[in-house]
Each structure stands twice: as C-alpha cells, then as structure tokens.
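[1] let me see the structure of the following:
(one chain, ligands or ions: 1)
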Amino acid sequence: MPLGKVLLSAEQIASRVGELGLRIRRDYEDQPLTIVAILQGAIVFLGELLKHLGAGVTVELIEASSYGTATASGGQVTLRRYGRLDVRDRDVLLVDDIADTGRTLAAVARQLEAMGARSVRTCVLLDKPSRREVDVELSYRGFEIDDVFVVGFGLDHAGRYRTLPYIACLDEPARKE
Ligand code: XMP
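    Next up is the predicted model:
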C-alpha cells in the first residue's frame, strides 16, 4: 500500500513527546517508576520519551500482538516475554504506540495488576477513540487521530515504514468497481 499524506511531522512529535515527558516527570516526582513498553510499535516513541524522564526510571520490554486483518487489530491479544518481569509494589507506566480498540492496553494493564503492580498508568503516542471497543483509561496521550491506518515513528505495515521519522497515512488502494 502506498504512503499517503504526512499527518504528524518529526518536529510536532518531538515537541508533544517533550510535553508528555515533562508531565510524567512532574507527576511521579522522585518516585521510582517502571516503564513497561510494548514491542514492537512503541520502540521509537519510548526512545524519544526516555530522553525526558530522568535517571531514576527502569525499563522493561514485553511483546503483545492482536490478530485481525492487516490494517485492523482483532479481538484476541497474545502476551509474551513476561517471564522476567517483576512489577510487585512498583508504580508502572505502560507505554504503547497507539490505542485502537483498546484491547492490548487493557489486557496488559490487567496482567500487570495481577502481577502485583502498585499502580498502572498508560501512555500512548496516538489515540483513535472512534475505534474503541474496550474501556481503557489513557493517562497520557500524544495525539488524537481519526480512523485512518498510520505508519512511521515505530508503527509499521507488514514490517515496513517503521523507521520513518514522521507519521503518515497509508493509502488504501482504489477499489475496482
Ligand atoms: P488495540 O486494538 O489493541 O491496538 O488498541 C493494538 C495495536 O494495533 C496496532 N495498530 C496500528 N498499527 N497503524 C499501525 O501501524 C495503525 O494505524 C494502527 N492501529 C492499531 C498497533 O500495533 C497497536 O499497538
């Protein structure tokens, strides 16, 4: 699928992530914070966010995937890489690229709570509220976007476009009548 228009420039993203980082740092002050980021989509957002969070933060990476069509996530969420994770009595900030149906964040947050986390907040770069199927609270959110499939800044389509420094729409091919 071809790349469509640029939705968010690298500068817009950097500036907004800086604001989120400042808010997070103020909210947690000097409390130890554990970031749990969801591979793979969150990696670029995580790297940008970490620049603003100071030295007292620990970072854990987990994997989650939801199955559906190529450009729409489905109902089933599979979680991996939980083995080493110890969040007992920790304040956790769950970081992901985008809240779409909300299923991934809700499933991971539930799991972290079950593992004994003291608090779990969520942080996403993008939010597509029109697609929400599961009620999930977004504690920190970069941008609200419409129901379009987007790529870049860590978000991919079939493994492509993840390395773009900006976020663009993916154009659906025109349908033949
Ligand atoms: P849910 O539906 O669980 O979404 O909130 C979870 C995952 O779906 C992927 N997703 C996208 N990936 N462009 C992408 O590259 C998009 O527009 C998009 N919408 C959802 C993403 O991996 C997210 O973590």
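[2] from here on, contacts and neighbour counts on C-alpha atoms
    Will do.
[3] what residues of the helix or strand of the chain with the lowest mean pLDDT count as buried?
    Here the helix or strand of the chain ranked lowest by mean pLDDT, DSSP states H and E is strand 77-80, holding a mean of 74. By 16 or more other Cα atoms under 10 Å, the buried positions in strand 77-80 come out as 77, 79.
[4] swap in stretch 85-101?
    Applying 16+ other Cα under 10 Å to stretch 85-101 flags 87, 90-101 as buried.
[5] in this protein, which spans are helices?
    10-28, 43-50, 103-114 (DSSP state H).
[6] switch those helices over to JSON lines; also include mean pLDDT and distance to the ligand.
    As requested, the helices of the chain are exported to JSON lines (pLDDT from 0 to 100; distance: least, Cα to the nearest ligand atom, whole Å):
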{"stretch": "helix 10-28", "mean pLDDT": "97", "distance to the ligand": "16"}
{"stretch": "helix 43-50", "mean pLDDT": "98", "distance to the ligand": "11"}
{"stretch": "helix 103-114", "mean pLDDT": "93", "distance to the ligand": "4"}
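[7] now mean neighbour count and distance to residue 155 too, for these, in TSV please.
    Shown next, in TSV, are those (neighbours: other Cα atoms under 10 Å; distance: least, Cα to Cα, whole Å):
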stretch	mean neighbour count	distance to residue 155
helix 10-28	16	13
helix 43-50	18	9
helix 103-114	19	15
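[8] these into TSV, with extra columns for distance to residue 64?
    TSV is the format used below for the helices of the chain (distance: least, Cα to Cα, whole Å):
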stretch	distance to residue 64
helix 10-28	23
helix 43-50	13
helix 103-114	7
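[9] closest to residue 164 out of the ones you listed?
    helix 10-28 (9.0 Å; Cα to Cα).
[10] then that closest one to CSV, C-alphas only?
    Extracted in CSV, the C-alpha atoms of helix 10-28 (Å, rounded to 0.1, in the frame of the first residue of the first chain):
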residue,chain,number,x,y,z
ALA,A,10,9.0,14.8,13.3
GLU,A,11,9.0,18.3,14.9
GLN,A,12,5.4,18.1,16.0
ILE,A,13,6.0,14.7,17.5
ALA,A,14,9.2,15.7,19.3
SER,A,15,7.6,18.7,20.8
ARG,A,16,4.5,16.8,22.0
VAL,A,17,6.6,13.9,23.5
GLY,A,18,8.6,16.5,25.3
GLU,A,19,5.4,17.9,26.9
LEU,A,20,4.3,14.4,27.9
GLY,A,21,7.7,13.6,29.4
LEU,A,22,7.6,16.8,31.5
ARG,A,23,4.1,15.9,32.8
ILE,A,24,5.1,12.4,33.7
ARG,A,25,8.3,13.6,35.4
ARG,A,26,6.2,16.1,37.5
ASP,A,27,3.5,13.6,38.3
TYR,A,28,6.0,10.9,39.6
